[in-house]
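Trainee: sequence-free structure coming up:
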Ligand code: NAD
């Protein structure tokens, strides 16, 4: 069915009697992929809210062919023309923010406020991409008489078809880290979202077409590893963006790079927060619990290991437990403080980390593992949980948990805190709570993570700064968002002109 002929929002309503039916969008048409259909579940109720068809490599071939065909015309259009649909897209996303947030909270489990906030952060990327004429000027200055009779300049040009492979935890934001910049720079695009909550990304792509982005410029392919590997191997894909767990990030980085593509692959995280003995402890506790437990802890910027300077450890632990105990857990669309985790298997994994930490000698200060939400007994919930006495060698201090768990450690000095943080395999984010300028300065100079924050629980960059990590949290060089995105999506050609005089 052609996109513009549809009568039922392409079957993407999770609240319709039959739930949503997520298909691929290729060359402006909703197409049934060749693989099996899989259920999409509302983790807050345990009920099926739709199905998604998985793509084969032949489906990926079709989408890449559509994007390649569209590239010839799209890349030649003036940048001013390319950004006009993005202005309309921003307005449409804002008009639909409430219904998108409701769909997102339903299929993901997070709260309505979190879903709205996530969409807002996505829309900010559309706003930045609307400024592409100015962004493309970067590095393009002309030097007259660079050599005798020669003027020299740089020109940024699109490369062709780009793909983004995205995770389940921010289905309304992460696709927008990539798609607006890719198309504003003149490339065409293929999105492969997570198979666990594919309805919101399908709506994002649907709205992009409604905003006037031409057929074939933005395509959607659903599915699992087969579609990811087909993207990595495809000779007509110029570049791949990936966001997800470290193992898959490394796999995608290596596979796509060995097929000659440019790749940016954002991986998992284990983020530390340092609480200085000078900090405002009540504020630090509130921010820490919010950072670790927002989106039920399923955030790559969750600061879930706390390095607390010895003198204030007991008082801080008390305040963290009080904050955790005060949080309300419930069904995401009802907008509690904490929503559901993505699956019951994942909740069991998180609970397993807590159990093993206790076996290894940690102290369970607040146990949120055994919780049910009235009316939603089959939902996958967990209350914020606090574990104390954690040491750097423990699994809970080293591995990504991706659940609402705060791990508290005691350190003897600020130097020890920085050393512990820097010994982590990951380098996505870190925060410091302090009232001392020199500690903030040392933290900025020495802490090794891509996103640092002082007196803020979450170091989430705005869309006009790049977003990336270090060590096992990132593979590649150019990050997502802002000027790094412009560089990722373009080649810089140097242009030399010589007109000898008479
Ligand atoms: P995931 O790695 O399971 O899935 C991400 C994508 O990879 C999905 O589209 C999925 O279909 C695909 N995929 C999964 N297994 C694959 C395989 N074996 N081969 C090929 N493709 C495969 O990640 P997730 O569980 O959806 O998301 C959570 C992870 O993402 C966490 O580790 C989190 O830290 C990370 N994340 C990182 C950032 C960041 O900015 N660094 C942002 C958000 C999420």
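Mentor: Great, that's in hand. Computed from a predicted model, the values in this text were never measured in an experiment.
Trainee: The stretch 151-300 of the chain against the ligand: which residues are in contact?
Mentor: With CB under 6 Å from any ligand atom as the criterion, the stretch 151-300 of the chain comes near the ligand at residues 165-170, 192, 194-195, 224-225, 228, 243-245, 248, 251, 266-269, 300. For glycine as for every other residue, the C-beta is placed from the backbone atoms N, C-alpha and C.
Trainee: switch to 8 Å and redo it
Mentor: Within the stretch 151-300 of the chain, the positions near the ligand by CB under 8 Å from any ligand atom are 165-170, 174, 192-196, 223-225, 227-229, 242-249, 251-252, 266-269, 298-300.
Trainee: Can you report how many residues lie near the residue lying closest to residue 470 once chain neighbours are set aside?
Mentor: Leaving aside its sequence neighbours, residue 470 sits nearest to residue 427 (CB to CB, 6 or more residues apart in numbering; 3.2 Å). For residue 427, the count of nearby residues is 24 (other CB atoms under 10 Å).
Trainee: from memory residue 427 sits against residue 468, does it?
Mentor: No. Between residue 427 and residue 468 no contact is recorded; they are 9.7 Å apart, counting by CB atoms under 8 Å.
Trainee: which stretches of the stretch 401-502 of the chain have low pLDDT?
Mentor: In the predicted model, the stretch 401-502 of the chain carries no residue with pLDDT under 70.
Trainee: Which residues of it lie near the ligand?
Mentor: By the rule CB under 8 Å from any ligand atom, the part of the stretch 401-502 of the chain lying against the ligand is 402, 428, 467-469, 473-474, 480.
Trainee: what sits against the most centrally placed residue in the chain?
Mentor: By CA atoms, centre = their mean, the chain has its centre lying nearest to residue 174, at 4.1 Å. Contacts for residue 174 (CB atoms under 8 Å, 6 or more residues apart in numbering) come out as 122, 164, 166-167, 243.
Trainee: again, only this time at 7 Å
Mentor: Contacts for residue 174 were tallied using CB atoms under 7 Å, 6 or more residues apart in numbering; they are 166-167, 243.
Trainee: ok, now residue 276?
Mentor: 309, 414, 432-434, 436, 439.
Trainee: Among those, the buried ones, what's the PyMOL command?
Mentor: Restricted to buried positions by 16 or more other CB atoms under 10 Å, the PyMOL selection for the contacts of residue 276 reads:
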select buried, resi 309+414+432+433+434+439
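Trainee: the domain parsing of the chain - what is it?
Mentor: The record, using automatic domain parsing to delimit domains, assigns the chain the ranges 57-267+473-493, 271-454.
Trainee: State the phi and psi torsions of residue 213.
Mentor: Main-chain dihedrals, residue 213, degrees, to the nearest 10: phi -70, psi 120.
Trainee: Give the closest residue to it in space, chain neighbours not counted.
Mentor: Excluding its sequence neighbours, the residue lying closest to residue 213 (CB to CB, 6+ apart) is residue 85, at 4.7 Å.
Trainee: So that neighbour: helix, strand or coil?
Mentor: The three-state label for residue 85, taken from DSSP: H, G, I helix; E, B strand; the rest coil, comes out as helix.
Trainee: check contacts around it.
Mentor: Residue 85 makes contacts with 211-213, as judged by CB under 7 Å, 6+ apart.
Trainee: Can you tell me which of the residues you listed is nearest residue 69?
Mentor: Each of the contacts of residue 85 was checked against residue 69 using CB to CB; the closest is residue 213, at 14.7 Å.
Trainee: ok, now how distant is the residue sitting furthest away from the middle of the chain from the ligand?
Mentor: Most distant from the centre of the chain: residue 502, at 58.4 Å, with distances by CA atoms, centre = their mean. Look at residue 502 and the ligand: by CB to the nearest ligand atom, to the nearest Å, they are 59 Å apart.
Trainee: In contact with that residue, which residues are there?
Mentor: Contacts of residue 502 by CB under 7 Å, 6+ apart: none found.
Trainee: what's the answer for residue 102, then?
Mentor: Residue 102 makes contact with 112, 333, according to CB under 7 Å, 6+ apart.
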